[in-house]
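Chemist: Okay, sequence plus prediction incoming.
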Amino acid sequence: MHSKTFKIQISGRVQGVGFRPFVFNLAKKNHLLGTVSNNENGVIIYINTSEEKAVHFVEQILKEKPEVSIITAHSIEEVKYEEYTDFSIIPSESDEKINIPLTPDFAVCNACKTEISNKNNRRFQYAFTTCIHCGPRYAVTKKYPFERKNTSLHTFKMCANCLDEYKNPLNKRFHSQTNSCKDCGITMELLDNKKVEIENNQTHILDKLVTLLHKGKIIALKNTNGYLLCCDASNPNAITNLRKRKNRFNKPFAVLYPTIDFIKNDFDISSEEENALVSIIAPIVILKNTKQLSFEPNNIAPNLNYTGVMLPSSALLQLIAKKAKKPIIATSGNAHGSPIITTKEEAELKLNTIADYFLHHNLDIEFPQDDSVLKFVDKQQVLIRRSRGLSPNFEYAEKLTKNKILAMGSHLKSTFTYLPNKHIYLSPYFGNLDNYDVLNRFTTTIDKYIELFNTKPKTILTDKHLHYQSSILGKAYREKWNANLIEIQHHKAHFCSVLAEHKLFQSTKKILGVIWDGTGFGDDNQIWGGEFFSYENNKIDRINHFEYFNWIANDKMAKEPRLSLFSLIDDEDKELIKGKFTKTEYKIYNKMLKNNTLKTSSVGRLFDAVASALDIVDVNSYEAEAAMLLENCANSSQVENCIDLLEFKDYDTIPSKLLLKIIIKAYKIDGVSKAFIARSFIFTLAKIIIKIAKKNKVKTIVCSGGVFQNSVLIKILTELSIEKSLDLKFNCKLSANDENISFGQLMYYQNIKN
Ligand SMILES: [Zn+2]
Ligand SMILES: [Zn+2]
C-alpha cells in the first residue's frame, strides 16, 4: 500500500517560521514516513504513501500551516521509490541560489511574553527570548537557508536545556533557529557615556536601566534591529535634553507603551489601529490625540494633534516597558539623518554626546532596520515608512520578467528593489543619500544582496535625475557588472507602483494617474510634482499638470516654505509677505527670480506656499513640517465646513498662482480663519482631481506621491469618489512617498511600452 514515494514542494515565507516542525508533527499524526528539509526554493518533503493520502496531506498542510507563514506555491509529484523507516527533519546542505522570500522579523509573541514574566519559567526576565513564532529573522540573516549556522546566532552554542527543546517535537522551540536562554545566550552590558560599567549582573541590568529612565536619563539601547534612544515620555526635562542634544527641536518622537490597554487609556483607537499595534509587525501607529494623555503630547509631537505609538517589538523592550510602567520615548538611534546604528563602537562614537547611558548586547545585527510607521484614514492603511516586520519582500502574484534587475530608486527616501529570481526583494527605507553614512549603508546592503543571492543584475534601472546619488551609483554598477542601464521618469514610476499594487496593468479601460509630490525630474527637463497621467494599453501619457512656477535657490526651496510663497505670489501682493525676509534676502531672491529658467509644477511646494501664506511656518525645522502642520490645521474643522476655492474652467494647466491669490485674499483681507482656508485648499485639490477624471471620462483614479500621505486629502477624496461612483486607488502595502520609486521603476520596466 505504501509502495510509492511523493515529493512535495512548498514555497513562500516558509523558513524561520516553524514550518519543518509543523510538517514533522503533521506527518507523525498521519503515521507517514519520510523527510522534510529546507532548500533554496522553500520546504521539500518526501513521503511514502498512497496518492490519495499524499494529496490529503498537502491539503492539511495548506489548511493548518503556521500562523506567520505564507504559501505562494506548492506542487506534488511521484518520484522514484525510496524506503523510509521514520519521519525526520534533515538539515539543508544546499549551495543552490535562493529562490524564496526572506523572512522578516517578528515581534515577540504572547506566549514568550508570558514566559519572561513567570518567575517559575526558566526564561524569566531573559531579554532575548524567542520561539518558532517570533524573534529576529531578516535582521540576523547571514546566508540562506534559514539555519542557525547561517545567522548571527551561530556564535552562541545551545546549552543542554535549549538543545532538548530544539530536538523535542512537542516543544514550541523544536527546530527554532534563534533559540537561546540566559545560560547560553545573549548578554547585555550597561555602561555610562564614559564607558564605565555600572551594573554587571544580568538579572539586575534592566532594573537599573529603568531606574535611570525614571531619573530622566537618556539611554541608547540596542534592540534586535538597531539602537534606540529612550527617555521617560512624561519627563519634560529629559525630552528637552534629548531634543537639544539631538538638535531636533520639533520633529515628532515615537512612544513605546507597555500594553495595548495602556494605549487604550490614552487614545480612542479603531479596530484597524488595534490590530496593527498588536500584530507581529509591531509598527509605530500614528494615533489622533482625543483624550487626556499620560504625558504632555506637545512635548512629543509639537503643534500636531497626533502621536506615534508602538508596543514592544522584542522581549527586551517588553521587559523594559513593563518595568517602567509608563510610556517611554523610543526613537531611532542615529545622529543628523544618519542611518540607525547597530554596533557598540559606532554607538559609543556617535551617540555619546546624546545618551547618558548605553545598553549594549552581543548579538550582531546583519540587516539593520528602523521601525515601520503607518496610520489609518478610516479603514484605509497609509504606510509612512516600510521597514522592520515588512521588508525585505514584496509579494507579487503577477508574472515577472526573467531578467535580473536592480532598481536603484530615488534619493531622499531611498530604497532599492532587486529581482534576482522569481521574487521581488524591496529593501527597507534607508534615508537621504546625500548623507555619507546613508549612502554607505545603501551600497553595502546592495553588495550583501548580490552575495546572498549569488546573482549579478543584468539591467540597472535609475531615476532620470542625473544627480541623484542612486543614479550615479547605478552608472558605476553598469560598468562594474557590464549591465544595461535604463532611466525611468520619477512620477511615472510612482504611477506604476500603484498600478502594480492593485493589478491594474491589464485593465481594458483608461486610468487616471494623479501623482503629486515635492520634486522629480521631468521629461521636459523641468521639475515635475503636480502631474496627471493617463494609462491605457501599456502606455503612459502626461495629460495635464499644475502650472509651472519658478524653482529658486535649489534645495533651499524645499526647506523654506516662504520661498515657494515668494515664487508663486502675484507681484501686486508681494508687499504682504515682505516681512518674512530681511532686506538683503528680499533683494537676492528677487534677482534670482528674474534670472531663473528652472520651473516646477510641484504640489508639495504649493502646500508649502499655502502654509507660509497662512503664517503656519516659513522655514521648516524638519522635512515636510509645513505639509504636516497644514494638514493638522485643516483637520481642526469639519469637511462640511469648507468650499471649492477654484471655479473650474477648462484650464490647460491647474492655476496654482490664482489659487494662491484667492487664499491670500481670504486670509489677509477678508480675515477668514486658517483652518477653514486650509481645509478648503485641500478640498479644492480633491475637486480638481474629480473634475479632471470627469473631463477625461475615466472611472478609475490612481494616486501616488508624498502628498497622498495627507489624511485630510485622502478622506475628502475618498468621500467625493464614493459620491461620484469613481474607483479610487492608493498605495497600500507601500508608502506613497519616494520609498516606492524603486519598485515602481521595476514595474515600469516590465509593463510600459512607450
Ligand atoms: Zn515567541
Ligand atoms: Zn540555553
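Modeler: In hand now; what should we look at? Ligands and ions are numbered 1, 2, ... in the order given.
Chemist: Name the residue of the stretch 501-650 of the chain with the shortest distance to ligand 2.
Modeler: Evaluated by C-beta to the ion, the stretch 501-650 of the chain has residue 501 as its residue closest to ligand 2, separated by 43.0 Å. In short, each C-beta sits where N, CA and C put it, glycine included.
Chemist: Can you check my assumption that residue 52 lies in a helix?
Modeler: Yes - counting by DSSP: H, G, I helix; E, B strand; the rest coil, one finds residue 52 located in a helix.
Chemist: just to revisit the earlier point, give me the number of neighbouring residues for the residue of the stretch 501-650 of the chain closest to ligand 2.
Modeler: The number of residues packed near residue 501 is 22, by other C-beta atoms under 10 Å.
Chemist: what's residue 651 in contact with, if anything?
Modeler: If a contact means C-beta atoms under 8 Å, 6 or more residues apart in numbering, then residue 651 has no contacts.
Chemist: Extract the C-alpha trace of stretch 653-663 and format it as CSV.
Modeler: Extracted C-alpha coordinates of stretch 653-663, given in CSV (Å, rounded to 0.1, in the frame of the first residue of the first chain):
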residue,chain,number,x,y,z
THR,A,653,-2.9,73.7,-16.6
ILE,A,654,-4.1,73.9,-13.0
PRO,A,655,-3.7,77.6,-12.0
SER,A,656,-1.7,77.4,-8.7
LYS,A,657,-1.0,81.2,-8.8
LEU,A,658,-4.7,82.0,-9.0
LEU,A,659,-5.5,79.6,-6.2
LEU,A,660,-2.8,81.1,-4.0
LYS,A,661,-4.1,84.6,-4.8
ILE,A,662,-7.6,83.6,-3.7
ILE,A,663,-6.2,82.1,-0.5
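Chemist: I'd assumed residue 736 was in contact with the residue of the stretch 501-650 of the chain closest to ligand 2.
Modeler: No - shown here, residue 501 and residue 736 do not form a contact pair, counting by C-beta atoms under 8 Å, at 10.5 Å.
Chemist: For the protein, name the helix or strand with the lowest mean pLDDT.
Modeler: Least confident helix or strand, the chain: strand 393-394 with a mean of 90, by mean pLDDT, DSSP states H and E.
Chemist: Each with direction, which strands does that strand pair with?
Modeler: With DSSP bridges as the test, strand 393-394 is paired with strand 424-426 (antiparallel).
Chemist: Give me the contacts around the partner strand.
Modeler: Against strand 424-426 from outside (C-beta under 8 Å, 6+ apart): 101-102, 386, 391-396, 400, 415, 417-419, 449, 453, 734, 742-743, 746.
Chemist: rerun at 6 Å
Modeler: For strand 424-426, contacts defined as C-beta atoms under 6 Å, 6 or more residues apart in numbering pick out 392, 394, 396, 417, 418, 743.
Chemist: Up against ligand 2, what does this structure have?
Modeler: Within the chain, the positions lying close to ligand 2 (C-beta under 5 Å from the ion) are 159, 162, 181, 183, 184.
Chemist: which one is the last one nearest to, not counting chain neighbours?
Modeler: Going back to what we said before, that points to residue 184. residue 159 (3.7 Å; C-beta to C-beta, 6 or more residues apart in numbering).
Chemist: Determine the number of other residues adjacent to that neighbour.
Modeler: Using other C-beta under 10 Å, residue 159 has 16 neighbouring residues.
Chemist: same deal with the one 3 residues further on?
Modeler: Here the number of neighbours of residue 162 (other C-beta under 10 Å) works out to 20.
Chemist: surely it meets residue 181?
Modeler: Yes - Residue 162 is within contact range of residue 181, at 5.5 Å (criterion: C-beta atoms under 6 Å).
Chemist: which stretches of the stretch 501-650 of the chain have low pLDDT?
Modeler: Judged against pLDDT under 70, the low-scoring parts of the stretch 501-650 of the chain cover residues 637-640.
Chemist: what are the ranges of the strands in it?
Modeler: Along the stretch 501-650 of the chain, the segments classed as strands by DSSP state E, counting those that start in this stretch run 511-521, 527-536, 539-545, 549-550, 599-600.
Chemist: burial count for the residue nearest to residue 214 when sequence neighbours are not counted?
Modeler: Closest residue to residue 214 apart from its sequence neighbours, by C-beta to C-beta, 6+ apart: residue 232 at 6.4 Å. By other C-beta under 10 Å, 23 other residues sit near residue 232.
Chemist: can you check residue 194 too?
Modeler: When neighbours are counted by other C-beta under 10 Å, residue 194 comes out with 7.
Chemist: Let me know the distance separating it from residue 216.
Modeler: From residue 194 across to residue 216, the span is 19 Å (C-beta to C-beta, to the nearest Å).
Chemist: still on that earlier bit, give me the phi and psi for the residue nearest to residue 214.
Modeler: phi -70, psi 120 (degrees, to the nearest 10).
Chemist: got the phi/psi numbers for residue 717?
Modeler: Dihedral pair for residue 717: phi -60, psi -40, per degrees, to the nearest 10.
Chemist: for stretch 641-656, which positions count as buried?
Modeler: Buried residues in stretch 641-656, counted by 16 or more other C-beta atoms under 10 Å: 642, 645, 646, 654, 656.
Chemist: sorry, back to before: for the residues of the chain next to ligand 2, which one is nearest residue 633?
Modeler: Closest approach to residue 633 among those (C-beta to C-beta): residue 181, at 52.4 Å.
Chemist: For residue 263, give me its contacts.
Modeler: Applying C-beta under 6 Å, 6+ apart, the residues near residue 263 are 257, 309.
Chemist: now do 10 Å
Modeler: 255, 257, 269, 273-274, 277-278, 285, 287, 307, 309-311, 327 (C-beta atoms under 10 Å, 6 or more residues apart in numbering).
Chemist: do residue 173 as well
Modeler: With C-beta under 10 Å, 6+ apart, residue 173 has these contacts: 18, 21, 112, 123, 129-132, 158, 162-167, 179-181.
Chemist: Show me just the buried residues among those residues.
Modeler: The buried subset of the contacts of residue 173 (16+ other C-beta under 10 Å) comprises 18, 21, 112, 123, 129-132, 158, 162, 165-166, 179-181.
Chemist: Output the set of residues of this structure in proximity to ligand 1.
Modeler: 109, 112, 131, 133, 134.
Chemist: Among those, which pair sits farthest apart?
Modeler: The largest separation in the residues of the chain next to ligand 1, counting by C-beta to C-beta, is between 112 and 133 at 8.0 Å.
Chemist: shared neighbours of the two, which are they?
Modeler: By C-beta under 10 Å, 6+ apart, the residues touching both residue 112 and residue 133 are residue 172.
Chemist: quick one, domains of the chain?
Modeler: Following automatic domain parsing, the chain resolves into domains at 5-89, 188-374, 392-488, 549-736.
Chemist: For ligand 1, see how far away residue 456 is.
Modeler: Relative to ligand 1, residue 456 is positioned 38 Å away (C-beta to the ion, to the nearest Å).
Chemist: Spit out the residues that contact residue 162 and residue 181 alike.
Modeler: In contact with both residue 162 and residue 181: 122, 156, 173, using C-beta under 10 Å, 6+ apart.
Chemist: Tally up the residues packed near residue 353, please.
Modeler: Count around residue 353 with other C-beta under 10 Å applied: 9.
Chemist: does it count as helix, strand or coil?
Modeler: From three-state DSSP, the assignment for residue 353 is coil.
Chemist: Now do the contacts for it.
Modeler: Taking C-beta under 10 Å, 6+ apart, one finds 193, 245, 246, 335 in contact with residue 353.
Chemist: how about a cut-off of 7 Å?
Modeler: By C-beta atoms under 7 Å, 6 or more residues apart in numbering, the residues touching residue 353 are residue 245.
Chemist: Can you check the pLDDT for it?
Modeler: pLDDT recorded at residue 353 is 95.
Chemist: Quick one: mean pLDDT over stretch 12-19.
Modeler: Here stretch 12-19 scores 91 as its mean pLDDT.
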